[in-house]
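K.L.:
Return a 3D structure for these sequence lines:
(4 chains)
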There are 2 protein chains.
Amino acid sequence: MMESNQEYPRMLGAMLRIPFQAIVAKIDAGLRAKGFTDLRPAHFVVFQHIHPEGSRITELAERAQMTKQSMSELVNYLEARGYLERQPDPKDRRASIVRLSNKGEALNHAAREVLQDIENEWSSQIGWTQMNAIKEGLNAIIKLIEEENTRK
Amino acid sequence: MMESNQEYPRMLGAMLRIPFQAIVAKIDAGLRAKGFTDLRPAHFVVFQHIHPEGSRITELAERAQMTKQSMSELVNYLEARGYLERQPDPKDRRASIVRLSNKGEALNHAAREVLQDIENEWSSQIGWTQMNAIKEGLNAIIKLIEEENTRK
DNA sequence: CTATTTAGTCAGTTAATCTGACTAAATTGT
DNA sequence: ACAATTTAGTCAGATTAACTGACTAAATAG
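P.N.:
The predicted structure is shown next:
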């Protein structure tokens, strides 16, 4: 953060932040419009990181860079409202596996739909070539980040 | 948010989120290393939006998409620690103008330095051509977002 | 087969942000 | 000119988000 304000040339941080926050706001509004009204921004992080075959609380917490206590709270909230299900892990009786319920899958699908619409809208205006260049470039950067993380 | 997890192809939201969060973490660590240890992540938003000639609380709140009460608290914290100064606005006796102190300028400069280092590091690995393509593309998207905002 | 690590919960705390009610100054409409 | 409305900011209190510390029970390592 703290990367810029309009007086200086915009720096890379702001260039990423502005479209990212626009996307977050649009997904939030889009989901609300589609009837998912009981989610708060903090819950999104669970859907971002959950694995289709289910994930453990600890794993989700680590991926989301928060404590397992905090993640536990988010998962409890979403489980209580029917977005997630907990199953005991047969391999490890201390652990449980959290997975999307049908409702959770529906939410996920709706979110992806909204996001695809945004991408289509932007692409049609700036051109698909340029959008592809952005995506390729960002994926290259992500590769660097992931390499750095695995080295640690 | 909620744009992806590794099982599906990564969507645009995640492509922006991952490098953005990496940048935030690096700036946070970099500033800490440079001796700015009394800032919390929430405060960064003030520096992102403050104008070199000073800004009003209301203006900062609007740009940061939060209430003026919340922004007021952030500004109070930073003023108490010497990063910001408040002056009465001569044009409007209800308002005050918040601006960076010398210490605040130093912080801003340090943050920009860290960010430039990140950009240089990434560019040298993916190539400056590709980095420029990303930046051009993101700026085109930002232009769309800004147009949409002004239409509202 | 004891010692340590790991998965998760419970309880309490701090940080971040919000809503509502308010004051005083500025602006608008007549 | 001046009443009505809007705007800038604060104060007080509530809610949400995330943290630390202490704990239990199961798994793993020596």
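K.L.:
Look up how far residue B:21 lies from the residue nearest in space to the middle of chain A.
P.N.:
By CA atoms, centre = their mean, chain A has its centre lying nearest to residue A:48, at 3.1 Å. In this view, residue A:48 and residue B:21 are 11 Å apart by CB to CB, to the nearest Å. Backbone N, C-alpha and C define where each C-beta goes, glycine included.
K.L.:
could you pull out the helices for chain A?
P.N.:
Remark: helices assigned in chain A by DSSP state H are A:12-33, A:44-49, A:57-63, A:68-80, A:102-126, A:128-151.
K.L.:
Single out the most deeply packed of the ones you listed.
P.N.:
Scoring the helices of chain A by mean neighbour count under mean count of other CB atoms under 10 Å in any protein chain shown gives helix A:44-49 as the most buried, with a mean of 22.
K.L.:
what about that one and DNA strand C, touching?
P.N.:
No. Shown here: helix A:44-49 not in contact with DNA strand C (CB under 7 Å from any atom of the strand), separated by at least 12.8 Å.
K.L.:
Contacts only, for residue A:22.
P.N.:
residue B:145 (CB atoms under 8 Å, 6 or more residues apart in numbering or on different chains).
K.L.:
DNA strand D contacts on chain A?
P.N.:
Within chain A, the positions near DNA strand D by CB under 7 Å from any atom of the strand are A:40-42, A:45, A:65-67, A:69-70, A:73-74, A:92-94.
K.L.:
among those residues, which two are most distant?
P.N.:
A:41 and A:93 (34.1 Å; CB to CB).
K.L.:
who has more neighbours, the two?
P.N.:
Per other CB atoms under 10 Å in any protein chain shown, whichever of residue A:41 and residue A:93 has more neighbours is residue A:41, with 11 against 8.
K.L.:
Verify the stated contact: that one with residue A:28.
P.N.:
Yes. Counting by CB atoms under 8 Å, residue A:41 does reach residue A:28; the two are 6.8 Å apart.
K.L.:
returning to what we had before: can I get the residues of chain A next to DNA strand D in JSON lines with pLDDT?
P.N.:
Shown next, in JSON lines, are the residues of chain A next to DNA strand D (pLDDT from 0 to 100):
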{"residue": "A:40", "pLDDT": "91"}
{"residue": "A:41", "pLDDT": "90"}
{"residue": "A:42", "pLDDT": "94"}
{"residue": "A:45", "pLDDT": "96"}
{"residue": "A:65", "pLDDT": "93"}
{"residue": "A:66", "pLDDT": "96"}
{"residue": "A:67", "pLDDT": "97"}
{"residue": "A:69", "pLDDT": "97"}
{"residue": "A:70", "pLDDT": "98"}
{"residue": "A:73", "pLDDT": "97"}
{"residue": "A:74", "pLDDT": "98"}
{"residue": "A:92", "pLDDT": "96"}
{"residue": "A:93", "pLDDT": "96"}
{"residue": "A:94", "pLDDT": "96"}
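K.L.:
Of the residues you listed, just say which sits nearest to residue B:86.
P.N.:
residue A:41 (30.4 Å).
K.L.:
Tell me how far the closest one lies from residue B:16.
P.N.:
With distances taken as CB to CB, residue A:41 is found 16 Å from residue B:16.
K.L.:
Over to residue A:108?
P.N.:
Per CB to CB, residue A:108 is found 18 Å from residue B:16.
K.L.:
same deal with residue A:146?
P.N.:
For residue A:146 relative to residue B:16 (CB to CB), the value is 16 Å.
K.L.:
same deal with residue A:110?
P.N.:
Distance of residue A:110 to residue B:16, computed by CB to CB: 20 Å.
K.L.:
now residue A:97
P.N.:
Residue A:97 is 30 Å from residue B:16, by CB to CB.
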